[in-house]
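Engineer: fold the stuff below for me.
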Amino acid sequence: MLLDESKFDLQLKLWALRIPSQLCKVASRILNGYLLDKPRVKPITEDPSCETNRYMILSERIQNPDLSDIPGDKLNELKVLCTIEVVPYLLTLGYSYWSADHVLKQILPDGVEVPSSFETIGHIAHLNITGELLPYKDVIAKVIYDKNYPRIKTIVNKVGSITNEFRVPKFEILVGKDDMVTEVKQYRATFKLDYSLVYWNSRLEHEHMRLVSQFRPGQIICDMFCGIGPFAIPAAQKGCLVYANDLNPDSIHYLKINAKINKVDDNIWAYNMDARKFISQLMEVPVHEIPPEPDVPVLKATEECSMQANGQTMPRNEGLTVEATEVFGNNSSDMDGTEGVCMVADDSVASVKEKSGSCEEENGASDNAGVSGLGRKKDHKNKRTRGVLSFNSKPWEHIDHVIMNLPASAIQFLDAFRGVIQRKYWKGSLPLIHCYCFMRANETKEMIISEAETAVNASIQDPILHRVRDVAPNKAMFCLSFRLPEEACFKEESPKSLLYSCVDKQAPE
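Structural biologist: Residues are numbered from 1 along each chain as shown. Okay, the predicted model is just below:
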């Protein structure tokens, strides 16, 4: 379907007054209410026959050249000011004048719903054209492009349903440049992303800020499905230490970039693995943290754990801190290696918070794929996150909040918390869980809470179910917040098995 822009031309036959330029301001005050009043059209314009004069375009209500439609006192005041000269004026309102909604209503068949909104991601506009609108997708895209350029440079539409494990839709570019890499600003944060590779929803900006507003500086945050960091980056800006995980390696790639852009790379640790494995390993107590028992043979390796890097044994430091060294190493897009990490025993990701400067500086990466430390020592530290803050960087001892932003299936991942915490090492209250989910019209809040209780295998006390937004006529997004039940997450385990595991793995030849 082709768009004939000339069909939208509307000509208005009006009257105008020729007034000296220097008198226009006073004349406008006198004729207030009798000048042309149309959006985006100035009632005062140039006189094509004289540079020192201007045309003052009168309202459509003024039909007579004798100006009898204007009160006499107004005219008398104007005549004292200058000589009045009335001239005909032809105003053409073309395609460029009309809004996208007006144009689309003219070209789409009767009964077809006109698209009323679209999501904006930087310079990209994401349309959701389906069903009866599909035959008109190209003309709809052109109109929206014309009315929003240069703010919008690319128009895309989702193709088919989401089938990949990363929940990223496929898009077709309807009009504009083929460039899916863009930047989005939310409050004080800047996010860079490739919209064709990672998930992003600009409509969740308010929800991101609502949840982060509950965090306090110095708290420990665990983000199980972090994406490119819409929760992690603002939390780190607020002075929190964030363990951020996502299964999509492209999301982690852009999380690291965004951490650097926003100068919070000291406060974010990135992981690329399955969420259940992430929680399990994050809460696992490293072998060197377990005190030896007299009846268990303990190798020296369990007292001073080490790691193998490039064929060399590197000593492990005991101090724990959020300050690691290099963020991106020599290749910020390298998703195959571990950056700034020292691992021991069962490759527990919790031990990445060790300050193992020697292995990071000399090697830049270990062999534990999927974990990236985003700490960088530098002089120009982020003033919002640096200073007197001191973190307990042992997640097996304490985490304040857990974010689970995968509404389609996050509740199913609550089983990851069953027996995951060792009571003897945990300090303080159990974490608050913030689990996002969908609720359909035939479901109730009680059903959602019951499903969560089944997943954690425990009763949930004082749950809060916050309505985030409507995603469809019969489907809404909610955030279920609750304190992790004690009977679900604690496990009583003897350290002997872990010590023997360390012995088996590090015994001398």
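
Engineer: wait, is residue 242 part of a strand?
Structural biologist: Yes. Residue 242: assigned to a strand according to DSSP: H, G, I helix; E, B strand; the rest coil.

Engineer: is it true that it touches residue 230?
Structural biologist: No. Using CB atoms under 8 Å, residue 242 makes no contact with residue 230, being 11.9 Å away. Just so you know, the C-beta spots here come from the backbone N, C-alpha and C atoms, and that holds for glycine as well.

Engineer: keeping just the C-alphas, turn stretch 145-153 into CSV.
Structural biologist: Taking Å, rounded to 0.1, in the frame of the first residue of the first chain, the C-alpha atoms of stretch 145-153 are listed here in CSV:
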residue,chain,number,x,y,z
TYR,A,145,8.9,7.1,11.0
ASP,A,146,8.0,10.4,9.2
LYS,A,147,6.3,11.8,12.3
ASN,A,148,9.1,11.0,14.7
TYR,A,149,12.3,11.4,12.7
PRO,A,150,15.0,12.2,13.7
ARG,A,151,14.2,11.0,17.2
ILE,A,152,13.3,7.6,15.7
LYS,A,153,15.6,6.3,13.1
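
Engineer: show the model's pLDDT score for residue 46.
Structural biologist: Note for residue 46: predicted pLDDT of 95.

Engineer: against residue 89, how distant is it?
Structural biologist: Note on residue 46: its distance to residue 89, by CB to CB, to the nearest Å, is 12 Å.

Engineer: out of these two, which sits in the busier spot?
Structural biologist: Between residue 46 and residue 89, counting by other CB atoms under 10 Å, residue 89 is the more crowded of the two (17 against 11).

Engineer: so what's that one bridging to?
Structural biologist: Per DSSP bridges, the residues bridged to residue 89 are residue 14.

Engineer: likewise residue 401?
Structural biologist: Beta-bridge partners, per DSSP bridges, of residue 401: residue 221, residue 432.

Engineer: who's in contact with it?
Structural biologist: By CB atoms under 8 Å, 6 or more residues apart in numbering, the contact list for residue 401 reads 214, 215, 219, 220, 221, 222, 431, 432, 434.

Engineer: what's the overlap in contacts for residue 46 and residue 89?
Structural biologist: Contact criterion CB under 8 Å, 6+ apart; residues shared by residue 46 and residue 89: residue 55.

Engineer: residue contacts, the closest residue to residue 201 other than its chain neighbours?
Structural biologist: The shortest distance from residue 201 to any non-neighbouring residue, by CB to CB, 6 or more residues apart in numbering, is to residue 119 (7.4 Å). Residues counted as contacts of residue 119 (CB under 8 Å, 6+ apart) are 125, 126, 128, 201, 202, 203.

Engineer: same question for residue 98.
Structural biologist: Going by CB under 8 Å, 6+ apart, residue 98 touches residue 8.

Engineer: tell me the spacing between it and residue 17.
Structural biologist: For residue 98, the distance to residue 17 equals 27 Å [CB to CB].

Engineer: can you show me the strands along the stretch 51-200 of the chain?
Structural biologist: Using DSSP state E, counting those that start in this stretch, the strands of the stretch 51-200 of the chain run over 53-57, 86-93, 119-121, 124-127, 154-159, 170-176, 181-186, 189-194.

Engineer: also the stretch 201-350 of the chain?
Structural biologist: Here the stretch 201-350 of the chain has its strands, by DSSP E, counting those that start in this stretch, at 220-223, 241-245, 268-271, 306-309, 312-315, 338-339.

Engineer: please apply the same query to the stretch 401-509 of the chain.
Structural biologist: Using DSSP E, counting those that start in this stretch, strands in the stretch 401-509 of the chain cover 401-404, 421-422, 432-440, 464-472, 475-483, 490-491.

Engineer: ranking these by burial, who's on top?
Structural biologist: strand 401-404 (a mean of 24; mean count of other CB atoms under 10 Å).

Engineer: who wins on neighbours among the contacts of residue 401?
Structural biologist: Most neighbours among those, by other CB under 10 Å: residue 221, with 27 neighbours.

Engineer: that one touches residue 403, doesn't it?
Structural biologist: Yes. The pair residue 221 / residue 403 is scored as a contact, 6.8 Å apart, by CB under 8 Å.

Engineer: what residues are shared contacts of those two?
Structural biologist: Residues touching both residue 221 and residue 403 (CB under 8 Å, 6+ apart): residue 231.

Engineer: quick check: closest non-adjacent residue to the most centrally placed residue in the chain.
Structural biologist: In the chain, the C-alpha nearest the mean C-alpha coordinate belongs to residue 230, at 3.8 Å (CA atoms, centre = their mean). Excluding the flanking residues, the one nearest residue 230 by CB to CB, 6+ apart is residue 208, at 4.8 Å.

Engineer: what's the pLDDT at that neighbour?
Structural biologist: In this model, residue 208 is scored at 97, pLDDT.

Engineer: now swap in residue 239 and tell me
Structural biologist: Note on residue 239: pLDDT of 96.

Engineer: any idea how far residue 233 is from it?
Structural biologist: Going from residue 239 to residue 233 by CB to CB gives 13 Å.

Engineer: of the two, who's got more company?
Structural biologist: More neighbours surround residue 233 than the other of residue 239 and residue 233, with 28 against 21 (other CB under 10 Å).

Engineer: that one touches residue 263, doesn't it?
Structural biologist: No. Between residue 233 and residue 263 there is no contact under CB under 8 Å: 10.2 Å.

Engineer: joint contacts of those two?
Structural biologist: Counting by CB under 8 Å, 6+ apart, nothing touches both residue 233 and residue 263.

Engineer: who does the residue nearest to residue 201 form a beta bridge with?
Structural biologist: Taking DSSP bridges as the rule, residue 119 bridges to residue 126.
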